[in-house]
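K.L.:
Structure for this input, please:
(one chain, ligands or ions: 2)
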Amino acid sequence: MKRTKAKTAVDPCSVDERIGTRELISLAVAVEKSLALAGPVNISEVVGLEDAIGRVLAEDLVAPFPLPPFDNSAMDGYALRAKDLSGIGPWRLRVTGRVAAGDNVQESGQVGPGEVFRIFTGAALPKGADTVIMQEHVRLNDKIIEIDSPVDMGNCIRRQGEDAAQGSLLLRAGTLIGAREIGAIASVGRARIPVFRKVRIALFCTGSELRQPGEDLAPGQIYNSNRFIMIAALRQPWIDLIDLGAINDDPVQLRNALTDIASDVDMIVTTGGVSVGEEDHMVSQLQEAGGRIEVMKIAMKPGKPLSVGTLNRAVFVGLPGNPVAAFTTWKLIGHRIAEKLAGKALADRPVMHVEVLEGFSRRPGRQEFRPVKIAGVSLDGRPQVEMLDQSFSAKISLICRSDGFAIIPANMDQVNAGDRLEFVRL
Ligand SMILES: Nc1nc2c(c(=O)[nH]1)N[C@H]1C(S)=C(S)[C@@H](COP(=O)(O)OP(=O)(O)OC[C@H]3O[C@@H](n4cnc5c(N)ncnc54)[C@H](O)[C@@H]3O)O[C@H]1N2
Ligand code: MOO
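P.N.:
Ligands and ions are numbered 1, 2, ... in the order given. Predicted structure coming up:
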């Protein structure tokens with residue numbers, strides 16, 4: 001495979017992990033420790049079907065009867081007896097009845113020898129019939145159909161229970177109820193269903209430089225984009241969001257905000273103020289308020305300063321202030337904590353790989369989630385990616401241009417053209 005030389009120099013602003021590498025913990029350990037702090041809410045409520053959409057199912061759903069409930073036709077055509085098509089065709093059969101979806105076949109009579117019933121998709125199979133032939137495969141002439149080619153016994157019939165047998169498991173507790181799942185719940189006739197109560201999450205962004213979009217900016221100020229990134233992430237039917245807006249980098253205000261909300265919520269999410277500067281107060285104020293930090297200093301880029309802990313019974317997730325770092329760490333850790341609190345079964349993501357188009361060198365030490373753009377496809381069908389800037393934590397326009405993250409292992413200092421990296425789609 002062709003290798004190209006390093007294209008870019010090492011980011012001058014990147015942290016030199018050789019100074020203090022031992023202090024950093026891996027993302028895998030950070031996820032494990034963070035999830036251990038999150039006990040599922042475990043309280044359920046029974047809601048109507050429409051209100052169940054987007055919520056988390058609180059008990060297993062078992063089929064109370066077979067699906068489909070009765071043998072029925074998969075096509076518009078004619079219901080017949082397969083043995084009437086024995087020998088050499090063409091065969092001529094008489095139309096003596098008619099069944100449509102919804103008709104009660106107990107009252108529709110019997111298909112006798114040499115007879116067929118007109119039948120429509122979804123109609124129950126009439127007594128005596130064992131096979132359906134599509135109307136396109138017959139010629140109809142004055143109540144007589146003519147068939148040239150035989151069909152197999154059971155042709156075009158959907159058998160009772162072929163989708164799900166009575167008593168079989170349709171959905172597991174912990175499933176997020178989307179369009180498919182609500183369809184399954186409705187198909188077994190349930191009008192109300194138990195779901196876990198919503199997870200209550202408080203959100204505030206920290207930073208004296210922040211202004212709300214629509215306001216004027218004074219020199220040194222910026223707009224609060226994290227608030228909207230996080231509202232977009234948290235506006236889910238299974239989350240009850242308490243949006244506390246922005247709070248200045250003021251220790252007392254931050255501590256008061258934490259103390260006021262901690263006993264009302266399951267999770268507190270903040271952005272900014274978790275790094276090492278004198279204006280970064282989140283960690284110290286959480287501790288002042290009686291909380292504990294359990295996870296910090298993670299060997300990941302972006303997201304090294306992400307801090308996770310507890311305050312009273314709430315899980316605290318302090319996301320970094322840089323917008324791309326906040327977005328990424330929420331996706332990789334915060335969201336999974338919220339899902340666990342909500343009682344959602346945590347699914348393993350399917351692993352995808354991409355091929356690097358151009359090589360480059362980097363400072364090793366942190367597992368990196370580098371935004372990439374899919375730029376082509378390799379001969380064996382693998383997506384090929386162009387790596388976007390190495391310094392991207394604060395670049396919101398860059399993340400809008402990217403298709404996902406390529407994951408660069410922590411110890412890799414040289415990435416070569418043709419290397420395969422794991423990929424997380426955005
Ligand atoms: N000496 C060091 N400095 C920094 C380190 C370090 O290890 N040593 N880590 C860097 C990393 S990595 C990150 S990420 C940031 C995280 O810092 P904070 O979480 O304390 O965030 P702030 O300092 O408050 O803000 C960082 C950056 O983001 C902007 N910001 C903050 N909030 C918002 C918002 N709601 N909307 C838009 N932009 C926001 C803020 O203005 C700053 O530019 O620390 C590095 N420093
Ligand atoms: O690595 Mo930070 O978390 O700049 O984004």
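K.L.:
Let me see the residues that make contact with stretch 37-44.
P.N.:
58-59, 194-197, 199, 266-267, 294, 308-310, 315, 337, 340-343 (C-beta atoms under 8 Å, 6 or more residues apart in numbering). Yep, even glycine has a C-beta here, placed from its N, CA and C like the rest.
K.L.:
Just the ones in strands from these, please.
P.N.:
With DSSP state E as the criterion, strands contain 194, 195, 196, 199, 267, 294, 308, 309, 310, 315 from among the contacts of stretch 37-44.
K.L.:
So the fourth one is in contact with residue 266, correct?
P.N.:
Think residue 199. Yes. Under the criterion of C-beta atoms under 8 Å, residue 199 makes contact with residue 266 at 5.0 Å.
K.L.:
the more surrounded of the two?
P.N.:
Per other C-beta atoms under 10 Å, whichever of residue 199 and residue 266 has more neighbours is residue 199, with 27 against 23.
K.L.:
and stretch 276-292, does that touch ligand 1?
P.N.:
Yes. Using C-beta under 6 Å from any ligand atom, stretch 276-292 reaches ligand 1 at 276, 280.
K.L.:
now the ones in strands among the contacts of stretch 37-44: which count as buried?
P.N.:
194, 195, 196, 199, 267, 294, 308, 309, 310, 315 (16 or more other C-beta atoms under 10 Å).
K.L.:
For the first one, give me its contacts.
P.N.:
So that's residue 194. Contacts of residue 194 (C-beta under 8 Å, 6+ apart): 44, 45, 46, 47, 57, 58, 59.
K.L.:
ok, 6 Å please
P.N.:
Shown in contact with residue 194 (C-beta atoms under 6 Å, 6 or more residues apart in numbering): 44, 46, 58, 59.
K.L.:
from these, which single one is nearest residue 33?
P.N.:
Nearest to residue 33 out of the contacts of residue 194 is residue 58 (C-beta to C-beta; 26.8 Å).
K.L.:
which stretches of this structure aren't confidently modelled?
P.N.:
Within the chain, the stretches with pLDDT under 70 are 1-22.
K.L.:
Show me what the lengthiest strand in it is in contact with.
P.N.:
Using DSSP E to define each element, the chain has its longest strand at strand 367-377. The contact list for strand 367-377 (C-beta under 6 Å, 6+ apart) reads 27, 300-301, 328, 383-388, 392, 398-399, 402-403, 405-406, 408, 410.
K.L.:
following that strand, which helix or strand comes up?
P.N.:
Counting by DSSP states H and E, the next helix or strand C-terminal to strand 367-377 is strand 383-387.
K.L.:
Now, of the contacts of strand 367-377, which are buried?
P.N.:
27, 300-301, 328, 383-385, 387-388, 392, 398-399, 402-403, 405-406, 408, 410.
K.L.:
Restricted to helices, list those.
P.N.:
Residues of these located in helices (DSSP state H): 27, 328, 398, 399.
K.L.:
Report the two of these separated the most.
P.N.:
27 and 398 (21.2 Å).
K.L.:
Only C-alpha atoms, please: export stretch 320-339 in PDB.
P.N.:
Taking Å, rounded to 0.1, in the frame of the first residue of the first chain, the C-alpha atoms of stretch 320-339 are listed here in PDB:
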ATOM      1  CA  PRO A 320     -16.000  21.500  28.000                       C
ATOM      2  CA  GLY A 321     -16.800  25.000  26.800                       C
ATOM      3  CA  ASN A 322     -15.500  24.600  23.300                       C
ATOM      4  CA  PRO A 323     -18.600  23.900  21.200                       C
ATOM      5  CA  VAL A 324     -17.300  21.000  19.200                       C
ATOM      6  CA  ALA A 325     -15.800  19.500  22.400                       C
ATOM      7  CA  ALA A 326     -19.200  19.900  24.200                       C
ATOM      8  CA  PHE A 327     -21.000  18.300  21.200                       C
ATOM      9  CA  THR A 328     -18.600  15.400  21.000                       C
ATOM     10  CA  THR A 329     -18.300  14.600  24.600                       C
ATOM     11  CA  TRP A 330     -22.100  14.700  25.000                       C
ATOM     12  CA  LYS A 331     -22.500  12.200  22.200                       C
ATOM     13  CA  LEU A 332     -19.800   9.900  23.500                       C
ATOM     14  CA  ILE A 333     -20.400  10.000  27.300                       C
ATOM     15  CA  GLY A 334     -23.200  12.400  28.400                       C
ATOM     16  CA  HIS A 335     -25.900  10.900  26.200                       C
ATOM     17  CA  ARG A 336     -25.100   7.400  27.300                       C
ATOM     18  CA  ILE A 337     -25.400   8.400  31.000                       C
ATOM     19  CA  ALA A 338     -28.800  10.000  30.200                       C
ATOM     20  CA  GLU A 339     -29.900   6.800  28.400                       C
END
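K.L.:
Just the buried residues of it, please?
P.N.:
320-330, 332-334, 336-339.
K.L.:
Tell me the bridge partners for the closest residue to ligand 1 within the stretch 51-200 of the chain.
P.N.:
Going by C-beta to the nearest ligand atom, ligand 1 is nearest to residue 200 of the stretch 51-200 of the chain, at 21.5 Å. With DSSP bridges as the criterion, residue 200 is bridged to residue 240.
K.L.:
again, but for the one 5 residues further on
P.N.:
Beta-bridge pairing of residue 205 under DSSP bridges involves residue 246, residue 271.
K.L.:
so which residue of the stretch 101-250 of the chain comes closest to ligand 2?
P.N.:
Closest point on the stretch 101-250 of the chain to ligand 2, by C-beta to the nearest ligand atom, is residue 226, at 12.3 Å.
K.L.:
Could you pull up phi and psi at the nearest residue to residue 396 once chain neighbours are set aside?
P.N.:
Spatial nearest neighbour of residue 396, chain neighbours left out: residue 323 (5.1 Å); criterion: C-beta to C-beta, 6 or more residues apart in numbering. With angles defined as degrees, to the nearest 10, residue 323 sits at phi -60, psi -40.
K.L.:
For residue 323, list the residues it contacts.
P.N.:
225, 226, 396.
K.L.:
cool, residue 333 as well?
P.N.:
31, 34.
K.L.:
before we move on, what SS does it have?
P.N.:
helix (DSSP: H, G, I helix; E, B strand; the rest coil).
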